[in-house]
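> build me a model from this:
(4 chains)
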Protein chains: 2
Amino acid sequence: MLGTLRDIRLFVSVYEERSFTLAAQRENATQSGVSQHVRNLETAFGVRLFIRDKRRIAPTPAGDAYYRRAIDVLRAHDAASRTVQAYAAGQDGQIVVGLMPTMTRCTLAPALARFVDAHPNVKVHVTEGYSAALTQMVRAGEVDFAIVPAFADSAGLKSRLLLRTPELFVAAASGAHLPGPIRLADRGKLKLVLPSAVNTRRGTLETYCATVGADIARTIELDTMFGTLDFVARGDWVTILPALMLDGDATSGFDVNPIANPSLTLDLVLIEPARRTLAPAAAIFLDLLEQEARRISAVWEQAYQES
Amino acid sequence: MLGTLRDIRLFVSVYEERSFTLAAQRENATQSGVSQHVRNLETAFGVRLFIRDKRRIAPTPAGDAYYRRAIDVLRAHDAASRTVQAYAAGQDGQIVVGLMPTMTRCTLAPALARFVDAHPNVKVHVTEGYSAALTQMVRAGEVDFAIVPAFADSAGLKSRLLLRTPELFVAAASGAHLPGPIRLADRGKLKLVLPSAVNTRRGTLETYCATVGADIARTIELDTMFGTLDFVARGDWVTILPALMLDGDATSGFDVNPIANPSLTLDLVLIEPARRTLAPAAAIFLDLLEQEARRISAVWEQAYQES
DNA sequence: AGTGGGGTATCCGATTTTCTGATGCGGTTG
DNA sequence: CAACCGCATCAGAAAATCGGATACCCCACT
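Numbering: from 1, shown residues only, chains lettered A, B, ... in the order given. So this is what the prediction gives:
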């Protein structure tokens, strides 16, 4: 018939990578083979799927349409395989998860504790990283899922909004701390610790500061959460962090306030490989993560509502 | 990976026929081959899919479960194939076209609708812009062709006259509108909306007004067609627009008259990169654009002849 | 009990498909 | 202009698929 699973899988890789060569690498094949498979599809259907113009290739309308359906085929096949494998004896469950530091700071530990308790023979592997690296891993199918900040390019990914968590103003404990929402513009000259440009939150934070007319006296870039907290704790620098990172004990030594007028929030997004379905164990672990995240975030949202 | 489409298809046949032999017949294969494919699946998954007991075979629970998912795979594959085959007709490739607002207002939509219908697998990219920008793009080879007002400098361009369309006098609907050609000089003091100097038509219009001795009380410069129409519709300002922009519904709310003694027209010119020939798909699209433009323009030329 | 028939598994050579490395071609870059 | 990058194409090698022959099993019938 028209189009084998391998044809489809390679086509999908090419579509997502926008490159025959990169697709070949991802699929452990040669560029030549990939080219032939795509050509097979094209001649079988009598339709060009990619425009080989210039340096880059672009999908044709037919390519776009086929991709959407091709994903369904791969997902269905994946679901079928997983289903039947559940009947096999001695399945060695393993899940690989990518998390941004926001998630690993306070959320991961309690979720993980509950999970290993309930499912002792599932092997859990957690990788910490920033959105770019995690997104790449998801695309390559190296992780079951990842949790990253909301971002633009979702080619090859299945994504859904997981949680919206408030961003909080964090300063060293002053002794005279008033809880409750504050406005950035009211805090006078700010010496602000920001993530670098590789971090998705950087753009959001800068836009926000400009919008509300915050008075930024100085900024430094730190891409380490531990370092940031430590730096803020011992000086007159301040920073802005997602509420998820500030559960319970984590706030001792700091004055923390919600940011209001307008509110500033961070959207966490779940991403999975578009061509795969979530393994049962991974789904359970995700659910636990989500529960913990909501619990932690809810505390601050409540503080926020009371304003 | 585990399980090719052929494996799955043969498995489904066996499941439905409850027989390897009958399945082989149905799929135009040999019993031997069918057996091998099913065994492939079973060894790959490590699960028996059928119980070969007694005279008849029966699916195992795993077989039942796999069957349900397997159908989804085949359906998804079928849907994907059908979807992409719908793009098989017509040309393929990519065309990039630059058009001035005069063309995009009324002409583009019907031509585009006809084109994508007949050639679903051509990726069409239309850029709107004024003559200077479009000319630049043609010179750089970034577009297949562009349609602009007639202009002087044609170095590096292949150009031909596409269409001469009347310029029309446009005012807000007054309730007492007389159709038919008018002379600008007869309309008393004019509050006239003009394009700015970057627009090629500006010079033509100014020269014309001076030539016929029109009484221009005031002018403002608007380089937005949407804005111009809206502004004229709600006040006592008037403007002059190419007939191409005033097809059918577009004239409701306005009093529109051809301009006579002498006539005032706009020449639209097709320009292409001199070093390239027009791609077949681009030629077809151009032809449709030209047809629509002539159709729209013809209505007003007729009104003009009758004078 | 022996035999025949329907049905599946397995083996093996032939065929077909798929993969790979080399090479060519067009476009881009320095 | 040369070097480079990326895709297409080709031919030989490797792998898979296929198809016929055969072995095996269970059951029914004699």
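> relative orientation of the helix or strand encompassing residue A:9 and helix B:5-17 in degrees?
According to DSSP states H and E, residue A:9 maps onto helix A:5-17. Interaxial angle, helix A:5-17 versus helix B:5-17 (axes from the mean of the first three to the mean of the last three C-alpha atoms, to 10 degrees): 130 degrees.
> distance of residue A:10 relative to DNA strand C?
8 Å (C-beta to the nearest atom of the strand, to the nearest Å). No exception for glycine: its C-beta is placed from N, CA and C like everyone else's.
> any idea which element the closest residue to that residue other than its chain neighbours lies in?
Once flanking residues are discounted, residue A:10 sits nearest to residue A:37: 4.4 Å by C-beta to C-beta, 6 or more residues apart in numbering or on different chains. Using DSSP H and E, the element containing residue A:37 is helix A:31-45.
> ok, residue A:257 next?
strand A:254-258.
> need the contact partners of that strand.
A:166, A:168-174, A:177-182, A:229, A:232-233, A:243, A:246, A:300, A:303-304, A:307 (C-beta atoms under 8 Å, 6 or more residues apart in numbering or on different chains).
> before we move on, what about stretch A:225-236?
Here stretch A:225-236 makes contact (C-beta under 8 Å, 6+ apart) with A:101-102, A:105, A:170-173, A:191, A:193, A:222, A:237-239, A:241, A:245, A:253-254.
> mind running it again at 7 Å?
Under the criterion C-beta atoms under 7 Å, 6 or more residues apart in numbering or on different chains, residues A:101, A:105, A:170-172, A:191, A:193, A:222, A:237-239, A:245, A:253-254 lie in contact with stretch A:225-236.
> ok, of those, which come out buried?
In these, burial by neighbour count holds for A:101, A:105, A:170-171, A:191, A:193, A:222, A:237-239, A:245, A:254, counting by 16 or more other C-beta atoms under 10 Å in any protein chain shown.
> include pLDDT when you put these into a markdown table, please.
A markdown table is the format used below for the buried ones among the contacts of stretch A:225-236 (pLDDT from 0 to 100):
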| residue | pLDDT |
| --- | --- |
| A:101 | 87 |
| A:105 | 86 |
| A:170 | 91 |
| A:171 | 90 |
| A:191 | 88 |
| A:193 | 88 |
| A:222 | 80 |
| A:237 | 88 |
| A:238 | 91 |
| A:239 | 92 |
| A:245 | 87 |
| A:254 | 87 |
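> out of those residues, which is nearest to DNA strand C?
Nearest to DNA strand C out of those is residue A:222 (C-beta to the nearest atom of the strand; 32.0 Å).
> any stretches of chain A with poor pLDDT?
A:1, A:89-93, A:120-121, A:152, A:249, A:302-307 (pLDDT under 70).
> redo that, cut-off 50
A:91, A:307 (pLDDT under 50).
> which strand runs longest in it?
strand A:157-172 (DSSP state E).
> can you pull the buried residues of that strand?
Neighbour-count burial for strand A:157-172 flags A:157-159, A:162-163, A:165-171 (criterion: 16+ other C-beta under 10 Å).
> among the residues you listed, which pair sits farthest apart?
Taking C-beta to C-beta, the two most distant members of the buried residues of strand A:157-172 are A:158 and A:171; they sit 38.9 Å apart.
> residues contacting residue A:195?
A:201-202, A:221, A:223.
> can you pick the most crowded of those?
Using other C-beta atoms under 10 Å in any protein chain shown as the neighbour test, the contacts of residue A:195 are led by residue A:201, with 20 neighbours.
> isn't there a helix covering that residue?
Yes: counting by DSSP: H, G, I helix; E, B strand; the rest coil, residue A:201 is part of a helix.
> that one reaches residue A:149, doesn't it?
Yes: between residue A:201 and residue A:149 there is a contact at 5.9 Å, judged by C-beta atoms under 7 Å.
> list the residues that contact residue A:139.
A:16, A:156-157.
> any part of the helix holding residue A:37 near DNA strand D?
Yes: counting by C-beta under 7 Å from any atom of the strand, DNA strand D is contacted by helix A:31-45 at A:31-32, A:35-36, A:38-39.
> what do residue A:201 and residue A:149 both touch?
residue A:266.
> and the residue of the stretch 151-300 of chain A nearest DNA strand D?
For the stretch 151-300 of chain A, C-beta to the nearest atom of the strand, closest residue to DNA strand D: residue A:155, 15.1 Å.
> helix/strand/coil for that residue?
coil.
> which residues touch it?
With the criterion set at C-beta under 7 Å, 6+ apart, residue A:155 makes contact with residue A:16.
> please apply the same query to the one 3 residues further on.
When contacts are counted by C-beta under 7 Å, 6+ apart, residue A:158 touches A:271-272, A:274.
> tell me how many other residues crowd the residue lying closest to residue A:31 once chain neighbours are set aside.
Of all residues not flanking residue A:31 in the chain, residue A:24 sits nearest, at 4.5 Å (C-beta to C-beta, 6+ apart). With neighbours defined by other C-beta under 10 Å, the count for residue A:24 comes to 20.
> in which helix or strand would I find residue A:24?
helix A:20-26.
> which elements pack onto that helix?
Using 3 or more C-beta pairs under 7 Å, 6 or more residues apart in numbering or on different chains; DSSP states H and E as the contact test, the elements touching helix A:20-26 are helix A:5-17, helix A:31-45.
> contacts for the last one?
The one in question is helix A:31-45. Residues contacting helix A:31-45 (C-beta under 7 Å, 6+ apart): A:2-3, A:6-7, A:10-11, A:14, A:20-21, A:23-24, A:48-50, B:84-85, B:88.
> swap the cut-off to 6 Å and go again
Residues from elsewhere that reach helix A:31-45 (C-beta atoms under 6 Å, 6 or more residues apart in numbering or on different chains): A:2-3, A:7, A:10-11, A:20-21, A:23-24, A:48-49, B:84-85.
> only C-alpha atoms, please: export stretch A:135-150 in PDB.
C-alpha atoms of stretch A:135-150 as PDB (Å, rounded to 0.1, in the frame of the first residue of the first chain):
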ATOM      1  CA  THR A 135      12.300  21.300  24.100                       C
ATOM      2  CA  GLN A 136      15.000  19.800  22.000                       C
ATOM      3  CA  MET A 137      15.000  16.600  24.100                       C
ATOM      4  CA  VAL A 138      11.200  16.200  23.700                       C
ATOM      5  CA  ARG A 139      11.500  16.700  19.900                       C
ATOM      6  CA  ALA A 140      14.100  14.000  19.800                       C
ATOM      7  CA  GLY A 141      11.900  11.700  21.800                       C
ATOM      8  CA  GLU A 142      14.500  11.400  24.600                       C
ATOM      9  CA  VAL A 143      12.000  12.200  27.400                       C
ATOM     10  CA  ASP A 144       8.500  11.100  28.000                       C
ATOM     11  CA  PHE A 145       7.500  14.700  28.800                       C
ATOM     12  CA  ALA A 146       8.900  18.000  30.000                       C
ATOM     13  CA  ILE A 147       7.500  21.000  31.800                       C
ATOM     14  CA  VAL A 148       8.700  24.400  30.500                       C
ATOM     15  CA  PRO A 149       7.600  28.000  30.300                       C
ATOM     16  CA  ALA A 150       5.100  28.800  27.600                       C
END
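> enumerate the positions of it that are buried.
Within stretch A:135-150, the residues that count as buried by 16+ other C-beta under 10 Å are A:135, A:137-139, A:141, A:143-150.
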